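Here is a sequence with its predicted model. Questions after.
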Amino acid sequence: MSGKPRLTYLNGRGRMEPIRWLLAAAGVEFEEVFLQTKEQYDKLIKDGLLLFQQVPLVEIDGMKMVQTRAILSYIAGKYNLYGKDLKERALIDMYVEGISDLMQMILMFPFSPPDAKEKNLDSIKEKATNRYFPVFEKVLKQHGQDFLVGNKFSWADVQLIEAILAVEEKIPAVLSGFPQLQAFKTKMSNMPTIKKFLQPGSPRKPPPDDHYVETVLKVFKR
Amino acid sequence: MSGKPKLHYFNGRGRMEPIRWLLAEAGVEFEESFLEKKDDLLKLQKDGSLLFQQVPMVEIDGMKMVQTRAIANYIAAKYNLYGKDLKERALIDMYVEGMFDLNEQLMSYGYQPADKKEQHFANMMDKATNRYFPVFEKALKDHGQDFLVGNQFSRADVQLLEIILMAEECKPDILAKFPLLQSFKAIISNIPTIKKFLQPGSQRKQPVREEEVPKVIAIFY
């Protein structure tokens, strides 16, 4: 046993991707087990490995952790990416939760029926440009610092860079009205651990394609 | 200004109820400002009081906090209801996230359109009895203690009681196969701050009534 965290999920982004981002940003190497069949997934459940019969599952520090937010909070806490006190933590939590709502829309998008896709894409664009990005543009402008909270790299920065890149994949010009976010994107992308994660061959997963959608439906079919 | 936290939401459970429970558990008095119509929400949005233009919003310790989990996390940590270390916190978070998932279903049931109600009901009862309650029954059985985590009262205990009571409102005998959850319910309900919250006249809210649904929907849509 290597002592490295071990991630069990499908070979795609889904709900595990923020966890991959955060571990990578913290410079933590990890292993991955990919679910490809329903049988594999059913076995995990039968073996009692999944507290609520769901993945993501992350084996870390002797725990079999489930629930994306629980896992992310643990990693953030362990690697000092969660602010210096309760109030910074509160701010990070607010930002992360907001971004997570936006990411949820992106997560669900590949599973929209074909006739709803355009509407859902418009909705992502609308929420990104009118609800979420303006908040972070303003935060960065107001304090003039590189990082969102407490002048220090945190979980919130990782979550935001992930979201920016994910939205840009769908709406390439989405940052055109957000100069602070453009600068933020450049700075974060150049941080050594993130730069490494953005290079080919890293554990970062590609955007979901039809094959990924098929696999999800097959593995989780009840 | 009273210094008490001030909760902004409509006069019902929704996404604010877990926060009311937590504040009550901690023995913290709070004020509430109820949204009655869309204009009330628009005003809060226009004032710049809502970070992502949404409620719940809780004014606490000089912050205008939004996002249910962020608020709940802050209150739990401030009042020592979040375990003694990172690992206890991790366990509490896992349990609580499962409970949030079930709460989402319980909370949204009253707002389902008529043709979806039955399926929604069946699904949430199935999840409660086959996915969530067995986990907590087992946790209590394995350690034999009164509280879910670390032999100490935490937010996990209060959130579990909350969903047990909500599930029982839907199906009164839902705990029939869970003896330890039955005794858990009795123990937690008798903790003074919780007992007080369970009494009539407290700030605990009632399940949404069918005739109220259009009014709530009109605030947000």
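Happy to help now that I have it.

In the lowest-mean-pLDDT helix or strand in chain B, which residues are buried?
Using mean pLDDT, DSSP states H and E, helix B:213-220 stands out as the lowest-scoring helix or strand of chain B, at a mean of 94. For helix B:213-220, burial by neighbour count (16 or more other C-beta atoms under 10 Å in any protein chain shown) applies to B:216, B:219. Bear in mind the C-beta positions are built from the backbone N, C-alpha and C, glycine included.

With stretch B:51-62 instead?
In stretch B:51-62, counting by 16+ other C-beta under 10 Å, buried: B:51-60.

related to what we said a few turns ago, check which helices and strands the least confident helix or strand of chain B is in contact with.
helix B:38-46 (3 or more C-beta pairs under 8 Å, 6 or more residues apart in numbering or on different chains; DSSP states H and E).

Dump the helix it packs on to PDB, keeping only the CA atoms.
Extracted in PDB, the C-alpha atoms of helix B:38-46 (Å, rounded to 0.1, in the frame of the first residue of the first chain):
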ATOM      1  CA  LYS B  38     -41.200  38.800  -4.800                       C
ATOM      2  CA  ASP B  39     -40.600  42.500  -4.100                       C
ATOM      3  CA  ASP B  40     -39.100  41.500  -0.800                       C
ATOM      4  CA  LEU B  41     -36.500  39.300  -2.600                       C
ATOM      5  CA  LEU B  42     -35.900  42.000  -5.200                       C
ATOM      6  CA  LYS B  43     -35.200  44.600  -2.600                       C
ATOM      7  CA  LEU B  44     -32.600  42.400  -0.900                       C
ATOM      8  CA  GLN B  45     -31.000  41.700  -4.300                       C
ATOM      9  CA  LYS B  46     -31.000  45.400  -5.100                       C
END
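
need the contact list for residue A:205.
A:11-13, A:17, A:20 (C-beta atoms under 8 Å, 6 or more residues apart in numbering or on different chains).

and if we set it to 6 Å?
A:12-13 (C-beta atoms under 6 Å, 6 or more residues apart in numbering or on different chains).

which residues touch residue 150?
Just going to use chain A. A:83-84, A:88.

Hmm, no, I was thinking of chain B.
Applying C-beta under 6 Å, 6+ apart, the residues near residue B:150 are B:83-84, B:88.

Pop out the phi and psi values for it.
phi 70, psi 20 (degrees, to the nearest 10).

In terms of helix, strand or coil, where does the closest residue to it other than its chain neighbours fall?
The spatial neighbour of residue B:150 that comes closest, neighbours along the chain excluded (C-beta to C-beta, 6 or more residues apart in numbering or on different chains), is residue B:88 at 4.7 Å. At residue B:88, secondary structure determined by DSSP: H, G, I helix; E, B strand; the rest coil is helix.

Can you show me the helices along chain B?
For chain B, the helices defined by DSSP state H occupy B:17-25, B:38-46, B:68-78, B:86-108, B:114-127, B:133-143, B:155-170, B:179-189, B:192-197, B:213-220.

how close does the closest residue to residue A:60 other than its chain neighbours sit to residue A:24?
Leaving aside its sequence neighbours, residue A:60 sits nearest to residue A:5 (C-beta to C-beta, 6+ apart; 4.2 Å). Using C-beta to C-beta, to the nearest Å, we find residue A:5 at a distance of 11 Å from residue A:24.

How about residue B:119?
40 Å.

out of the two, which sits in the busier spot?
residue A:24 (20 against 10; other C-beta atoms under 10 Å in any protein chain shown).

The more buried one: which element?
helix A:17-25 (DSSP states H and E).

Report the buried residues of the following helix or strand past that helix.
Next helix or strand after helix A:17-25 toward the C-terminus (DSSP H and E): strand A:31-35. Across strand A:31-35, burial judged by 16+ other C-beta under 10 Å covers residue A:35.

CA atoms of the helix or strand just after strand A:31-35 as CSV?
Scanning forward in sequence from strand A:31-35 by DSSP H and E, the next helix or strand is helix A:38-46. Provided in CSV are the C-alpha atoms of helix A:38-46 (Å, rounded to 0.1, in the frame of the first residue of the first chain):
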residue,chain,number,x,y,z
LYS,A,38,-22.0,-2.0,-13.4
GLU,A,39,-20.6,-5.2,-11.9
GLN,A,40,-17.6,-3.4,-10.5
TYR,A,41,-19.8,-0.8,-9.0
ASP,A,42,-22.2,-3.4,-7.5
LYS,A,43,-19.2,-5.2,-6.0
LEU,A,44,-18.1,-2.0,-4.3
ILE,A,45,-21.5,-1.7,-2.7
LYS,A,46,-21.7,-5.3,-1.7
